[in-house]
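In: Quick one, what's the 3D model for this:
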Amino acid sequence: MIGGLIAVLAIALFVMAHEAGHFLAAKAVGMKATEFFLGFGPKLWSFKRGETEYGIKAIPAGGYVRIIGMNPFEEVAPEDVGRTYREKPFWKKSVVVLAGVGMNFLMAFVMFFGAVVAAGIPEPIPMVADIVESRDGMPTAASDADIRIGDRIVAIDGRDYSSWTAIQEELSGRPGDEVTLTIVRGETRVDVPVTLGSFETENGEEVGFLGVQAAIRERPVGALEGASLAGQEVWRNIRLTFQVMGELIRPESLMKLAGVFIGQTDVPDEIRPVSPIGIVNVGSQVGTMGVANYVAMLASINVILATFNVIPLLPLDGGHFAVALWQKITGREPDVRKLVPVAVAVIVLFTFLGLAAIVLDIIDPIRM
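Out: You can find the predicted model right below:
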């Protein structure tokens with residue numbers, strides 16, 4: 001329950017951080033921002049400080065900052081001339097529209113960094129944690145040999161090995177071979193003869209198979225390695241998000257999601273959208289995930305939020321950037337009326353995905 005509550009607060013924080021990026025950037029480049037709200041629809045609570053009204057609205061589906069002149073159909077009061085979005089040069093518009101996603105990417109990086117430095121990274125070690133008894137109905141080499149849980153593999157055919165990765169590479173390259181494993185069992189070194197099994201990979205390659213699972217330890221990570229790993233994780237999540245978006249907009253995927261509204265729940269995990277309800281549900285299972293994995297999950301939400309927003313279609317941040325770039329390159333004002341149908345289509349698509357996600361998370365909750 002506490003994990004679910006934290007997830008709710010975290011999502012609100014991510015949305016507000018995104019909008020704070022726009023707000024602070026607008027202030028920094030001299031634009032006037034009159035509203036800063038969490039949610040949409042009817043106003044629940046607000047207060048005004050300076051020229052900006054801050055508050056909460058009834059529909060918790062995001063947030064927004066109202067910057068004068070960003071809406072091309074808006075009439076600008078005479079006293080606001082010189083402080084509007086539309087009057088500013090390209091670089092200032094770019095800073096403002098991209099500051100939100102920049103804030104989310106920054107938060108994701110910091111969260112990934114904190115998780116990996118605090119918890120370390122899982123690393124297999126050459127110790128047997130479990131023995132696979134059979135594969136494809138046949139006993140494995142390990143189950144037939146005198147190998148026990150807790151044994152530490154230190155050599156193969158007299159050659160010393162210190163890493164599990166190197167042991168795997170050696171054994172996988174010797175399908176069907178008879179090898180001698182040198183094992184440390186307690187304080188005793190034992191030579192165990194084993195005839196390796198084999199299996200065929202998807203590309204037709206035959207590889208050796210012993211049939212043991214390695215023990216896992218958490219390896220400490222320093223600041224430099226942590227920063228590198230955090231950056232890699234942000235980039236991995238960006239690529240994954242674009243990949244999922246590509247799958248989501250395929251007609252067959254949209255048809256599967258449409259079936260959710262008539263009770264069909266056979267939606268593959270790779271195209272299943274997740275609503276705040278689902279995130280709260282996952283958050284409530286934090287005990288099964290571990291704190292570091294939970295923080296990494298929240299960091300991934302930040303990346304998803306930012307990546308969706310860089311799509312170059314209105315009304316997303318990337319769409320505003322694309323319009324500003326077009327103005328910069330051509331020197332002409334775009335006919336915004338022609339872009340309205342695109343913006344409506346984007347809103348309809350995201351609304352559809354959001355509703356499908358909510359229905360799925362209610363009738364078929366995610367289980368970790």
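
In: From here on, just use CA atoms for contacts and neighbour counts.
Out: Noted.

In: where do the helices sit along the chain?
Out: For the chain, helices defined by DSSP state H occupy the ranges 2-28, 90-119, 141-144, 164-172, 223-248, 251-258, 276-283, 286-289, 291-309, 317-330, 336-363.

In: Which stretch among the ones you listed approaches residue 210 most closely?
Out: Closest approach to residue 210 among those (Cα to Cα): helix 141-144, 5.2 Å.

In: quick one: contacts of that closest one?
Out: Residues outside helix 141-144 that contact it (Cα atoms under 8 Å, 6 or more residues apart in numbering) are 131-134, 194-197, 209-212.

In: Kindly recompute the last result at 7 Å.
Out: Identification of contacts with helix 141-144 by Cα atoms under 7 Å, 6 or more residues apart in numbering yields 131-133, 194-197, 210-212.

In: what do you get for stretch 225-243?
Out: By Cα under 7 Å, 6+ apart, stretch 225-243 touches 108-109, 112-113, 116-117, 300, 303-304, 307.

In: Same question for stretch 209-219.
Out: 120-132, 140-142, 171-172, 175, 196-198.

In: Filter these down to the buried ones.
Out: Buried subset of those (neighbour count, 16 or more other Cα atoms under 10 Å): 120-121, 124-131, 140-142, 171-172, 175, 196-198.

In: Spit out the contact partners of residue 16.
Out: 38, 63.

In: where's it relative to residue 39, distance?
Out: 10 Å (Cα to Cα, to the nearest Å).

In: Could you report the neighbour count for residue 57?
Out: Under the neighbour criterion other Cα atoms under 10 Å, residue 57 is assigned a count of 18.

In: Lowest mean pLDDT among the helices and strands, pick that one out for the protein.
Out: Scoring the helices and strands of the chain by mean pLDDT, DSSP states H and E places helix 286-289 at the bottom, with a mean of 63.

In: Contacts only, for residue 65.
Out: Residues near residue 65 by Cα under 7 Å, 6+ apart: 19, 23, 33, 35-37.

In: Run through the bridge partners of it.
Out: Beta-bridge pairing of residue 65 under DSSP bridges involves residue 36.

In: and residue 226, how many neighbours does it have?
Out: There are 22 residues near residue 226, going by other Cα under 10 Å.

In: repeat for residue 181
Out: 21.

In: what's the answer for residue 40, then?
Out: By the criterion of other Cα under 10 Å, residue 40 has 16 neighbours.

In: what about the closest residue to residue 140 other than its chain neighbours, neighbour count?
Out: Spatial nearest neighbour of residue 140, chain neighbours left out: residue 134 (5.0 Å); criterion: Cα to Cα, 6 or more residues apart in numbering. Residues near residue 134, counting by other Cα under 10 Å, number 14.

In: can I assume residue 134 is in contact with residue 197?
Out: No - between residue 134 and residue 197 there is no contact under Cα atoms under 7 Å: 10.5 Å.

In: who's in contact with the residue minimising distance to the centre of the chain?
Out: Central residue of the chain (Cα atoms, centre = their mean): residue 300, 2.8 Å from the mean position. For residue 300, the contacting residues are 108, 237, by Cα under 7 Å, 6+ apart.
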